[in-house]
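Trainee: coordinates for the following, if possible.
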Amino acid sequence: MEDLKPIIAKNIIDLRRAADITQAQLAEKLNYSDKAVSKWERGEAIPGITTLKEIADLFGVTVDYLISAEHETENQIKREFSERQRRNHLIITLLSTTIVWLVATIIYVIISLSTEFRLSKAWLVFVFAVPVSCVITLVFNSIWGKKKRNFLIISLLLWTVLISFCLVLFLSLQKAYFWLVLAIGIPSQIMILLSSGLKFRRNRDK
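Mentor: Sure, this is the predicted structure:
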């Protein structure tokens, strides 16, 4: 058992560093103190079998991996962990967007079932669900994704908002010149493209 201490210690350190988290963050995920994690990594103590299983599940490896001296390289671990993270981030983004459309559907059903608003413009809730979905995608992409994609999402958000208001104006005012609202998008789009270009140039200069 004594020989396993340095092996487990090294494996926990490698996995934690590959995941780019601190001892305190790992301790919080396992409901332990950072002092306990520090002891594991110094080889002064060994986590219990239940905790070893939790550590293995957290980093996507097996318990055998934690107690083995020879296994995959750190780069392989980091790559696999990053792939799992990207997949989880995509799923979270899609789930959040789906919630928006679920709420829009519920609102549509409620309005449609109302005798006062039956056969009305209830379908507009789906129109406004598009820019809301863009906002959610923009937020998650700013946190997890590539910042270069933001200008594409912002552009989509801009035009979906303008089109939504065009539809509202057309249906409520019945004016033929409602499309003039879209003219606002032209200088706004130019500003978005110019600002994104400045950001890219700044990144290259660094």
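
Trainee: switch to C-alpha atoms for all contacts and neighbour counts from now on
Mentor: Fine.

Trainee: go through the chain and flag its longest helix.
Mentor: The residue-count maximum for a helix in the chain (DSSP state H) belongs to helix 74-113.

Trainee: what is that one packed up against?
Mentor: Judged by 3 or more CA pairs under 8 Å, 6 or more residues apart in numbering; DSSP states H and E, the packing partners of helix 74-113 are helix 4-18, helix 124-144.

Trainee: now the angle from the longest one to helix 74-113?
Mentor: Yep, that's helix 124-144 we're talking about. Angle of helix 124-144 versus helix 74-113, following axes from the mean of the first three to the mean of the last three CA atoms, to 10 degrees, is 160 degrees.

Trainee: can you report how many residues lie near Ser112?
Mentor: Look at Ser112: counted by other CA atoms under 10 Å, it has 17 neighbours.

Trainee: and if you look at Gln23?
Mentor: 19.

Trainee: mind listing what the closest residue in space to it that isn't next to it in sequence touches?
Mentor: Nearest residue to Gln23 in three dimensions, chain neighbours excluded: Asp34, at 5.7 Å (CA to CA, 6 or more residues apart in numbering). By CA atoms under 8 Å, 6 or more residues apart in numbering, the contact set of Asp34 is 23-24, 26-28.

Trainee: over to Leu180?
Mentor: Contacts of Leu180 (CA under 8 Å, 6+ apart): none.

Trainee: what kind of secondary structure is it in?
Mentor: helix (DSSP: H, G, I helix; E, B strand; the rest coil).

Trainee: distance of the residue nearest to His89 when sequence neighbours are not counted from Leu152?
Mentor: Leaving aside its chain neighbours, His89 sits nearest to Trp144 (7.1 Å; criterion: CA to CA, 6+ apart). Distance from Trp144 to Leu152, counting by CA to CA, to the nearest Å: 16 Å.

Trainee: now swap in Ile106 and tell me
Mentor: Relative to Leu152, and taking CA to CA, Ile106 is found at 29 Å.

Trainee: how about Val109?
Mentor: 32 Å.

Trainee: looks like Leu66 contacts Asp57 (just checking).
Mentor: No - using CA atoms under 8 Å, Leu66 makes no contact with Asp57, being 10.9 Å away.

Trainee: which one's more surrounded, these two?
Mentor: Leu66 (22 against 12).

Trainee: residues touching the more buried one, list them.
Mentor: 7-8, 11-12, 52, 56 are the contacts of Leu66 under CA under 8 Å, 6+ apart.

Trainee: using neighbour counts, pick out the buried residues of stretch 88-97.
Mentor: 89-90, 93, 96-97 (16 or more other CA atoms under 10 Å).

Trainee: what about Tyr65, how many neighbours?
Mentor: For Tyr65, using other CA under 10 Å, the count is 15.
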